[in-house]
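**Q** predicted model and sequence below, questions to follow.
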Amino acid sequence: MSEVVFGDGVVDRLGDVLPGFPDPVLVVSGEHSYGRSGAEQRIERHLKDRVWDHFVVRARLPGLESAREAVHGARTPGVIVAVGGGAVIDTGKLIALAFRNGAGDDLLMSPAEHPAVEIIAIPTTAGSGSERTPFAVAYRGSSKYSVSHPSLLPRFAIVDPTLTYSLSPGPTAASGLDVISHAFESAWAGSATETSIRLSYEALELAWPSILDCVTKPDPESRHAMAKASTLAGAAIAIAKTTASHALSYYLTAVHQVPHGVAAAMTLGVVLVFNAGVDEFTISGVRGAAEIRETIGSLCGSIGADDPPTAMMVIEDLLRSLGMPTRLAEVGVSGSDLLAMVDSVNTERLSNNPRSATREELVEILTRVA
């Protein structure tokens, strides 16, 4: 069971939560965000009477290398407090699983035998929603894996919007675009449910009108809205999971260092148009083609667009307004890269797309944003 604690200043509730867990406490944090966000001082004052260790995540992407380093360098914890953005929280999850199962490559390939060490997640970005999901992203080279286990759902998610106040415009935009991608994709996903769709719309209604202010003239109201949207969208993808835009994004992040949220959003509009063309012959998943088209129509309306082509332009306009790229060439992707992107696509996420896509159709999707 997971409990969400949300609101300005709630990071101080850690002092109420920690007594329920044994020593030692392992704090997993980012290299810079831990101090800049104000989390370091506010968290460590609750650790004065506890036995605790600290593991700093230095890798750009979550992976088993970090998990192995933590397992070899720290005592087996009674609880892990993962403090940071999505990459840090996902790394904390991998560490939590590795302490109980080892950090061999089989952890990426098959379900873990033993449950993870319990996790308290404290995000310092408004984006990944990892504090609300039972899975973690892990990279091995340019290949992306999704490690899933019920025990990876954090026991507590302490979501304090004030920890995002120090985020600079670039990371704020990238993490916010991840929220918006999660909201769209979890609404049209083949495995979406009434609950995940409701959460998706709630997240989008908060994030869409707030993200530009949050980047260009951030204030407590916009920061609060994006933090709330992030955790709602995280809960949505925990049920519905992501789809083609995320499936196509991982190569951009691993090979071209495009921030994850930006990488997903770059194909969001064109994937929306593609999915709007679903019919009874191309439908994938348990939902009907008419239902998917209706959902996409509602999503278009949520962002002020009359139809899918207009929605694609509106999404691209948002990216430009945020100072983010809209074309693959802008991030160094050449024509020869398109086939590599398709060949590296995450098949698990692609299979959740409501419209099935051939290799040729994926190349066509990417060509439209090349």
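**A** Nice, I can see it. Residues are numbered from 1 along each chain as shown.

**Q** next one: stretch 96-111 to chain centre, how far?
**A** Here the centre of stretch 96-111 is set off from its chain's centre by 21 Å, with CA atoms, centre = their mean, to the nearest Å.

**Q** can you classify the residue most central in space within the chain as helix, strand or coil?
**A** The residue lying closest to the centre of the chain (CA atoms, centre = their mean) is Ser128, at 2.8 Å. Following DSSP: H, G, I helix; E, B strand; the rest coil, Ser128 is assigned to coil.

**Q** how about the contacts made by the nearest residue to it once chain neighbours are set aside?
**A** Nearest residue to Ser128, sequence neighbours excluded (CB to CB, 6 or more residues apart in numbering): Gly86, at 2.5 Å. Bear in mind the C-beta positions are built from the backbone N, C-alpha and C, glycine included. Neighbouring residues of Gly86 by CB atoms under 8 Å, 6 or more residues apart in numbering: 123, 125, 127-130, 137, 175, 178, 260.

**Q** distance between the ends of stretch 102-115?
**A** Terminal residues of stretch 102-115 lie 12 Å apart, using CA to CA, to the nearest Å.

**Q** re earlier: okay, the contacts of Gly86 in a markdown table with distance to Pro220 and pLDDT next?
**A** Formatted as a markdown table, the contacts of Gly86 follow (distance: CB to CB, whole Å; pLDDT from 0 to 100):
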| residue | distance to Pro220 | pLDDT |
| --- | --- | --- |
| Pro123 | 17 | 98 |
| Thr125 | 16 | 97 |
| Gly127 | 18 | 92 |
| Ser128 | 21 | 93 |
| Gly129 | 21 | 95 |
| Ser130 | 23 | 96 |
| Val137 | 30 | 92 |
| Ser175 | 17 | 97 |
| Asp178 | 21 | 98 |
| His260 | 26 | 95 |
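
**Q** just the buried residues of those residues.
**A** 123, 125, 127-130, 137, 175, 178, 260 (16 or more other CB atoms under 10 Å).

**Q** quick check, nearest of those to Arg75?
**A** Ser130 (24.2 Å; CB to CB).

**Q** was I right about the closest one contacting Thr124?
**A** No. Taking contacts as CB atoms under 8 Å, Ser130 lies outside contact range of Thr124: 11.6 Å.

**Q** helices of the stretch 51-200 of the chain, start to end?
**A** Along the stretch 51-200 of the chain, the segments classed as helices by DSSP state H, counting those that start in this stretch run 64-73, 86-101, 106-109, 169-188, 194-207.

**Q** before we move on, back to that, pretty sure the residue nearest to the centre of the chain sits against Leu177.
**A** No. With contact defined as CB under 8 Å, Ser128 and Leu177 do not form a contacting pair (11.3 Å).

**Q** on that earlier part again, between the buried ones among the contacts of Gly86, which is nearest Ala329?
**A** For those, the nearest to Ala329 is His260 (19.6 Å; CB to CB).

**Q** go through the least confident helix or strand in the chain by mean pLDDT and flag the buried ones.
**A** Comparing helices and strands within the chain by mean pLDDT, DSSP states H and E singles out helix 347-350 as the least confident, with a mean of 82. Within helix 347-350, the residues that qualify as buried are 349-350, counting by 16+ other CB under 10 Å.

**Q** buried set for the next helix or strand after that helix?
**A** Counting by DSSP states H and E, the element after helix 347-350 in chain order, helix or strand, is helix 359-367. Neighbour-count burial for helix 359-367 flags 362-363, 365-366 (criterion: 16+ other CB under 10 Å).

**Q** repeat for stretch 286-293
**A** 287, 289, 291-293.

**Q** could you export it as CSV, CA atoms only?
**A** Below are the C-alpha coordinates for stretch 286-293, written out as CSV (Å, rounded to 0.1, in the frame of the first residue of the first chain):
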residue,chain,number,x,y,z
VAL,A,286,-8.8,-4.3,-25.4
ARG,A,287,-10.4,-0.9,-26.3
GLY,A,288,-12.4,-0.3,-29.4
ALA,A,289,-11.3,1.9,-32.3
ALA,A,290,-14.2,4.3,-31.9
GLU,A,291,-13.4,4.7,-28.2
ILE,A,292,-9.8,5.6,-29.0
ARG,A,293,-10.8,8.1,-31.6
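
**Q** mean confidence for that stretch?
**A** Confidence over stretch 286-293 (mean pLDDT, whole number) is 94.

**Q** so how far is it from its chain's centroid?
**A** 25 Å.

**Q** list the contacts of it.
**A** 188, 190-192, 275-276, 278-280, 282-283, 354-355.

**Q** could you do stretch 333-344 as well?
**A** 142-143, 248, 250-252, 255-256, 328, 359, 362-363, 366-367, 370.

**Q** picking up where we left off before, out of the contacts of Gly86, which one sits closest to Ser302?
**A** For Ser302, the nearest member of those is Asp178. The distance, counting by CB to CB, is 17.3 Å.

**Q** so the closest one touches Ser128, yeah?
**A** Yes. Contact criterion CB under 8 Å: Asp178 and Ser128 qualify, at 6.0 Å.
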